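> I would like to see how this sequence folds:
(chains A and B)
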Amino acid sequence: MDTILEVRHLSKSFGKNEVLRDIDFTVSKGDVTSIIGASGSGKSTLLRCINLLETPSSGDVLFHGESVVSGKVNPSAYRSKVGMVFQSFNLFANMSVLENCMIGQVKVLKKSRAEARANAMKYLEQVGMAPYINARPRQISGGQKQRVAIARALAMEPEVLLFDEPTSALDPEMVGEVLSVMRELARGGMTMLVVTHEMAFARDVSTQAVFMKDGVIWERGAPEELFKNPQCPETRDFLSRFMEN
Amino acid sequence: MDRFSALIYDIGRLLEVYWKAYLSDLGNTLLLALVATVIGCLIGLVCGILNTIPYTKRDPFIKRFILKLIRVIVRIYVEVFRGTPMVLQAVFIFYGLPYFSNNQYRFDSLWAAAILIVSINTGAYMAESVRGGIISIDPGQTEGAKAIGMNHYQTMTSIILPQALRNIMPQIGNNFIINVKDTSVMFIIGFTEFFARHRYIVGLNNMYFPSATIEMIGYLAVTLTASFLLRWVEQRMDGADSYELAQADQLTMAAGTYSHPSHGTPFDEQSPEYRERLRQSLKNRNGSTRGDR
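As a prediction, the model looks like this:
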């Protein structure tokens, strides 16, 4: 299978605080990788390093074998191919739902407005938000916002989609609608990297699961194995605490 | 009560003779305040934008040096013009130019001098307002824009500035109203505006209080109108409170079978089969879905 992303010996420190240490893994086309672990274990920072919202302290991220950290690749051009969905949605407050999904296509991909609109509608329909194209972000619910955010990322037609705890800021009854959209995407063959606390999603949907603690990957493997039969005591500990709750 | 009628009588007498002068000078005040506020806002916008261009340690030395230099220059400009009275700035600039150029250059037009002085002053205040407006926008907005591949320029023009401008609208209004009143200090360079007219007229007839009343009413009329217009503009910028649901299938809406999309999950509403069935059931005998005329 085609390798899309390779993370090599990635480390990140904020001052003296080492958040990520020697992170190593690869993402192939069609993979759904779940990154699990307690809060503060560096999962989100890892995702932010991958799409260069944070600059890694050392190590490398390769996109189709090419280093994106070295400075040879334009970060904006790279980010347009690697979509990101945030915990706090980050929809543009000054635009309608439709414009949110069009602006990137028009400004970055230089598509015509008509083309961008048609494309945006396609993805808004896919996430069930087509009726709300005229609404402003402040007028819709959290779950709806997150679905729009997913449509906005999809409209750029990225090769990989990064999810940074997409359901953590949602009311419990809205988690389902976002997860079902993500399930659909995974079924459609989208390459996804998901930081999540939704263990059922990680276990049932992903093709690869990664357990992180204190900025280090402790265990990585097929989700059935990792959840049923964790090798590390740390993983076992984390999962047992989760299952109790 | 008779003092009031006397006042009204005096105002009437004043206006009878001088209404044209009052009005045209109120016009001068308004025009000067308006032009200077617009130019001042532009200056402030440019300074605020230049001041917030981000740089990191990894950027080349030249870029960092230039950006730092810009910040220092803007800082000095803001501190100097915010920290001194506009009356003095007027004197300083108006008389400073001929002084330093040995009378080679001077302000031939009082208008140009007045607009320049008030604009520069407003710009210093607006530079800080714009900077505040930009840094008050949630960093998530920038991250969202970066994440879809937008560069700094695109992020600023499409995402950050429209929101920042909305947020500093009250500041722009503030500055305009301050300018309407503070342009009165331009008498120091001989510029005739509303307040200068008052000084001139009371010099002729000593009717201080009636003239001051006219001035008060004149200034209030302008500033109240400005406040009102600004509120209206702000509301327009905020957009409507409600939104129209866009229905993919116009037919269901017209047929009254429209159901709110949040009833049920987004995925099971109106399958293609359902829509086709509905379309069939609504066909009239001509096979058209439009209905009889």
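> what strand or helix carries B:Gln154?
Per DSSP states H and E, B:Gln154 falls inside helix B:152-154.
> show me which residues of that helix are buried.
B:Gln154 (16 or more other CB atoms under 10 Å in any protein chain shown). To be clear about C-beta, it is placed using only N, CA and C from the backbone, and glycine gets the same treatment.
> that helix: how far from the chain's middle?
22 Å (CA atoms, centre = their mean, to the nearest Å).
> contact partners for B:Phe81?
Taking CB atoms under 8 Å, 6 or more residues apart in numbering or on different chains, we find B:Phe81 in contact with B:89, B:120-121, B:123-124.
> what about the residue lying farthest from the centre of chain A, distance to B:Gln163?
Distance from the C-alpha centroid of chain A, by CA atoms, centre = their mean, peaks at A:Ala114 (28.2 Å). To B:Gln163, A:Ala114 is 26 Å away according to CB to CB, to the nearest Å.
> any weak-confidence spans in chain B?
B:247-293 (pLDDT under 70).
> mind telling me what element the residue farthest from the centre of chain A is part of?
Per DSSP H and E: helix A:113-126 holds A:Ala114.
> say whether chain B is contacted by that helix.
Yes - counting by CB under 8 Å from any CB of the partner chain, chain B is contacted by helix A:113-126 at A:Glu125.
> buried ones in that helix, by neighbour count?
Neighbour counts over helix A:113-126 (16+ other CB under 10 Å) mark A:116-117, A:119-121, A:123-124, A:126 as buried.
> for the stretch 51-200 of chain B, which residues are neighbours of chain A?
Counting by CB under 8 Å from any CB, the stretch 51-200 of chain B sits next to chain A at B:56, B:58, B:138, B:140-141, B:143-151, B:154, B:158-159, B:162-163, B:166.
> 10 Å instead?
Proximity of the stretch 51-200 of chain B to chain A, by CB under 10 Å from any CB of the partner chain, involves residues B:56-58, B:137-155, B:157-166.
> contact partners for the residue farthest from the centre of chain A?
For A:Ala114, the contact set (CB atoms under 10 Å, 6 or more residues apart in numbering or on different chains) is empty.
> any idea how far A:Met121 is from it?
11 Å.
> show me where the chain has helices.
Because you didn't say which chain, this covers chain A. A:43-50, A:75-79, A:97-107, A:113-126, A:142-155, A:172-187, A:199-205, A:223-228, A:233-244 (DSSP state H).
> not what I meant, chain B
Under DSSP H, chain B gives helices at B:2-51, B:61-82, B:86-100, B:110-135, B:139-147, B:152-154, B:161-182, B:194-205, B:208-238, B:250-254, B:272-282.
> quick one, which of these gets closest to A:Asp31.
helix B:139-147 (20.0 Å; CB to CB).
> phi and psi next, for the closest residue to chain A within the stretch 1-150 of chain B.
Chain A sits closest to B:Gly149 of the stretch 1-150 of chain B, with a gap of 2.8 Å, by CB to the nearest CB. With angles defined as degrees, to the nearest 10, B:Gly149 sits at phi 90, psi 10.
> and the helix holding A:Ala114, how far out from the chain middle?
Using CA atoms, centre = their mean, the mean C-alpha position of helix A:113-126 is found 21 Å from that of the whole chain.
> stretch A:21-33 too?
So, by CA atoms, centre = their mean, the centroid of stretch A:21-33 is 12 Å from its chain's centroid.
> next one: stretch B:221-229
Mean-position distance between stretch B:221-229 and its chain equals 13 Å (CA atoms, centre = their mean).
> would you confirm that A:Ile4 contacts A:Lys29?
Yes - contact status for A:Ile4 versus A:Lys29: in contact at 5.6 Å, counting by CB atoms under 10 Å.
> so what's in contact with the two at the same time?
The contact sets of A:Ile4 and A:Lys29 overlap at A:159-160, A:191 (CB under 10 Å, 6+ apart).
> can you go through these and name the buried ones?
Buried, going by 16+ other CB under 10 Å: A:159-160, A:191, out of the shared contacts of A:Ile4 and A:Lys29.
> neighbours of residue 203, how many?
Defaulting to chain A. 17 (other CB atoms under 10 Å in any protein chain shown).
> you looked at the wrong chain, it should be chain B
What B:Gly203 shows, counting by other CB under 10 Å, is a neighbour count of 8.
> OK, contacts around it?
So B:Gly203 contacts nothing (CB under 10 Å, 6+ apart).
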